[in-house]
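1. how would this look folded up:
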Amino acid sequence: MRDDRGQVLLHSRRAFGNLTTKKDSQITCVLWAIESMASHKLSKVLFAFEPGDLLFAFVRPKAWPSFALQVSELTHFFEKIGDWKVVEENVVSNKGASLIAQSVVKDGRLQSYVAVGHPLWLHQFFEGERIFL
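-> Next comes the predicted model:
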């Protein structure tokens, strides 16, 4: 989670098991992100989705009827936050989050946690990405 200047306020990691499809994995991850933002009492959140089926289902729900149930369910959970928006963001633009997620699979970092700031092992990366005003 970043502020409007790119400063990392919180980061987290969680490993999920027994998910058999990409669609199930995406929904589970988004639900977890929504619940996390709500539990931190955040009332204005921009959720960045990689291009793909789930993003497109939010942008053009009528064109993606196979996702109607999931979009409806997620929208219900988004209401816990109040002011929310789903936007498209390529993995290249959100490389830090991708590196954290990859650490679960590639490095076997299965311990789930939420921590203040960015991970120390990615300090230079996140500091280099910040927007200095």
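
2. Pull the residues that contact the helix of greatest length in the chain.
-> The residue-count maximum for a helix in the chain (DSSP state H) belongs to helix 22-39. Helix 22-39 is contacted by residues 1, 12, 14, 16, 19, 45, 47, 49, 52-54, 67, 70, 73-74, 77-78, 80-81, 114 when judged by Cβ atoms under 8 Å, 6 or more residues apart in numbering. For the C-beta atoms, the positions are set from N, CA and C on the backbone; glycine is no exception.

3. What average pLDDT does it get?
-> Here helix 22-39 scores 89 as its mean pLDDT.

4. what does stretch 85-99 give?
-> What stretch 85-99 shows for mean pLDDT is 87.

5. Name the residues that touch it?
-> Outside stretch 85-99, the residues touching it (Cβ under 8 Å, 6+ apart) are 8, 11, 45-51, 55, 58-59, 118, 122, 125-126, 129.

6. What about these, which are in strands?
-> Mapping the contacts of stretch 85-99 onto strands (DSSP state E) picks out His11, Val45, Leu46, Phe47, Ala48, Phe49.

7. Output these as a markdown table; include the columns neighbour count and distance to Ala38.
-> Shown next, in a markdown table, are these (neighbours: other Cβ atoms under 10 Å; distance: Cβ to Cβ, whole Å):
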| residue | neighbour count | distance to Ala38 |
| --- | --- | --- |
| His11 | 19 | 17 |
| Val45 | 19 | 9 |
| Leu46 | 12 | 15 |
| Phe47 | 18 | 12 |
| Ala48 | 17 | 17 |
| Phe49 | 19 | 18 |
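
8. Thanks again, I'm all set now.
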